[in-house]
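> coords below, sequence missing:
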(Lines give C-alpha, C1' and ligand atoms only; values in the text may rest on other atoms or scores of the structure.)
Protein backbone atom coordinates (compact mmCIF):
# COMPACT_ATOMS: atom_id res chain seq x y z
CA UNK A 1 0.00 0.00 0.00
CA UNK A 2 1.15 3.49 -0.78
CA UNK A 3 0.86 6.37 1.65
CA UNK A 4 -0.14 9.97 1.09
CA UNK A 5 0.52 12.98 3.27
CA UNK A 6 -2.39 15.15 4.35
CA UNK A 7 -0.32 17.75 6.14
CA UNK A 8 0.34 16.42 9.63
CA UNK A 9 -1.27 13.05 8.83
CA UNK A 10 -0.10 10.13 6.74
CA UNK A 11 -2.83 7.93 5.30
CA UNK A 12 -2.46 4.53 3.64
CA UNK A 13 -4.11 4.24 0.25
CA UNK A 14 -6.59 3.40 -0.92
CA UNK A 15 -8.49 5.20 1.83
CA UNK A 16 -12.18 5.81 2.44
CA UNK A 17 -13.05 9.50 2.85
CA UNK A 18 -16.49 10.34 4.25
CA UNK A 19 -17.98 13.74 3.47
CA UNK A 20 -19.60 15.25 6.57
CA UNK A 21 -22.29 17.80 5.74
CA UNK A 22 -24.01 18.98 8.91
CA UNK A 23 -25.94 22.00 10.17
CA UNK A 24 -24.11 22.18 13.52
CA UNK A 25 -20.68 21.35 14.89
CA UNK A 26 -22.12 18.76 17.28
CA UNK A 27 -23.93 17.03 14.40
CA UNK A 28 -20.68 17.08 12.38
CA UNK A 29 -18.82 15.40 15.25
CA UNK A 30 -21.53 12.76 15.56
CA UNK A 31 -21.50 12.07 11.81
CA UNK A 32 -17.69 11.88 11.77
CA UNK A 33 -17.72 9.37 14.63
CA UNK A 34 -20.37 7.31 12.85
CA UNK A 35 -18.33 7.36 9.64
CA UNK A 36 -15.24 6.20 11.55
CA UNK A 37 -17.21 3.31 13.06
CA UNK A 38 -18.23 2.31 9.52
CA UNK A 39 -14.62 2.29 8.28
CA UNK A 40 -13.87 5.82 7.08
CA UNK A 41 -10.21 6.75 7.38
CA UNK A 42 -10.50 10.44 6.44
CA UNK A 43 -13.24 13.04 7.00
CA UNK A 44 -14.08 15.82 4.55
CA UNK A 45 -15.59 18.45 6.84
CA UNK A 46 -17.93 20.70 4.81
CA UNK A 47 -18.18 23.90 6.85
CA UNK A 48 -20.30 25.55 4.14
CA UNK A 49 -23.32 23.60 5.44
CA UNK A 50 -23.13 24.91 9.02
CA UNK A 51 -25.97 27.22 10.04
CA UNK A 52 -23.86 28.96 12.70
CA UNK A 53 -20.22 29.68 13.48
CA UNK A 54 -18.10 26.55 13.94
CA UNK A 55 -17.49 25.37 17.49
CA UNK A 56 -13.79 24.60 17.09
CA UNK A 57 -13.59 22.87 20.47
CA UNK A 58 -16.22 20.37 19.31
CA UNK A 59 -14.73 19.94 15.83
CA UNK A 60 -11.24 19.37 17.27
CA UNK A 61 -12.58 16.14 18.80
CA UNK A 62 -12.85 14.49 15.37
CA UNK A 63 -10.25 11.76 15.69
CA UNK A 64 -9.61 11.05 12.00
CA UNK A 65 -7.58 13.17 9.56
CA UNK A 66 -9.73 16.11 8.45
CA UNK A 67 -9.93 17.76 5.05
CA UNK A 68 -11.64 21.09 5.75
CA UNK A 69 -13.75 22.58 2.96
CA UNK A 70 -15.84 25.72 2.70
CA UNK A 71 -17.33 25.24 -0.75
CA UNK A 72 -18.59 28.36 -2.52
CA UNK A 73 -21.83 28.37 -4.52
CA UNK A 74 -20.12 28.65 -7.90
CA UNK A 75 -18.44 25.30 -7.18
CA UNK A 76 -21.62 23.61 -5.95
CA UNK A 77 -21.34 24.51 -2.26
CA UNK A 78 -23.66 26.20 0.20
CA UNK A 79 -21.53 29.06 1.56
CA UNK A 80 -23.54 32.30 1.34
CA UNK A 81 -20.86 34.82 2.33
CA UNK A 82 -18.32 36.69 0.26
CA UNK A 83 -15.13 35.12 -1.07
CA UNK A 84 -13.15 37.03 1.56
CA UNK A 85 -15.43 35.69 4.33
CA UNK A 86 -15.07 32.15 2.96
CA UNK A 87 -11.28 32.38 3.00
CA UNK A 88 -11.36 33.90 6.51
CA UNK A 89 -13.30 30.85 7.72
CA UNK A 90 -10.73 28.53 6.12
CA UNK A 91 -7.91 30.49 7.79
CA UNK A 92 -9.70 30.27 11.13
CA UNK A 93 -10.03 26.50 10.67
CA UNK A 94 -6.32 26.19 9.88
CA UNK A 95 -5.36 27.94 13.11
CA UNK A 96 -7.95 26.14 15.26
CA UNK A 97 -7.86 22.48 14.20
CA UNK A 98 -4.86 22.27 11.81
CA UNK A 99 -6.65 20.26 9.11
CA UNK A 100 -5.66 19.58 5.56
CA UNK A 101 -7.62 22.14 3.53
CA UNK A 102 -9.35 21.85 0.17
CA UNK A 103 -9.54 25.21 -1.56
CA UNK A 104 -10.85 25.92 -5.03
CA UNK A 105 -8.36 26.69 -7.78
CA UNK A 106 -10.69 29.54 -8.79
CA UNK A 107 -10.01 31.35 -5.49
CA UNK A 108 -8.39 34.73 -6.18
CA UNK A 109 -4.60 34.65 -6.23
CA UNK A 110 -4.11 36.93 -3.20
CA UNK A 111 -6.64 35.01 -1.07
CA UNK A 112 -5.26 31.66 -2.22
CA UNK A 113 -1.74 32.78 -1.27
CA UNK A 114 -2.98 33.62 2.24
CA UNK A 115 -4.43 30.11 2.63
CA UNK A 116 -1.29 28.40 1.35
CA UNK A 117 0.99 30.50 3.58
CA UNK A 118 -1.15 29.85 6.68
CA UNK A 119 -1.34 26.13 5.93
CA UNK A 120 2.41 25.92 5.47
CA UNK A 121 3.01 27.79 8.73
CA UNK A 122 0.73 25.36 10.64
CA UNK A 123 1.96 22.19 8.92
CA UNK A 124 -1.34 21.66 7.10
CA UNK A 125 -1.70 20.13 3.65
CA UNK A 126 -3.47 21.95 0.83
CA UNK A 127 -5.59 20.39 -1.92
CA UNK A 128 -6.37 22.65 -4.88
CA UNK A 129 -9.60 21.54 -6.51
CA UNK A 130 -11.95 22.38 -9.35
CA UNK A 131 -15.56 21.22 -9.50
CA UNK A 132 -17.32 21.01 -12.84
CA UNK A 133 -20.93 21.13 -11.65
CA UNK A 134 -22.26 21.40 -15.20
CA UNK A 135 -21.28 17.85 -16.07
CA UNK A 136 -18.59 15.26 -16.37
CA UNK A 137 -15.70 16.24 -18.66
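Happy to help now that I have it. Computed from a prediction, not measured in an experiment: that's the story for all the values here. Numbers count the residues shown, from 1 in each chain.
> Checking my notes, residue 119 in a helix, right?
Yes: according to DSSP: H, G, I helix; E, B strand; the rest coil, residue 119 belongs to a helix.
> can you count the residues close to the closest residue to it other than its chain neighbours?
The shortest distance from residue 119 to any non-neighbouring residue, by C-beta to C-beta, 6 or more residues apart in numbering, is to residue 126 (4.8 Å). Quick note: C-beta positions are derived from backbone N, CA and C, even for glycine. Neighbourhood size, residue 126 [other C-beta atoms under 10 Å]: 18.
> beta partners for residue 126?
residue 101 (DSSP bridges).
> my guess is it meets residue 101, correct?
Yes: under the criterion of C-beta atoms under 8 Å, residue 126 makes contact with residue 101 at 5.6 Å.
> In contact with the residue nearest to residue 119, which residues are there?
Residues near residue 126 by C-beta atoms under 8 Å, 6 or more residues apart in numbering: 7, 100-101, 103, 115-116, 119.
> can you pull the pLDDT of it?
Here, the pLDDT recorded for residue 126 equals 95.
> What separation do you get for it and residue 102?
Distance of residue 126 to residue 102, given as C-beta to C-beta, to the nearest Å: 8 Å.
> Return the set of buried residues in the host helix or strand of residue 36.
Taking DSSP states H and E as the definition, residue 36 sits inside helix 25-37. Neighbour-count burial for helix 25-37 flags 25, 27-29, 31-33, 35-36 (criterion: 16 or more other C-beta atoms under 10 Å).
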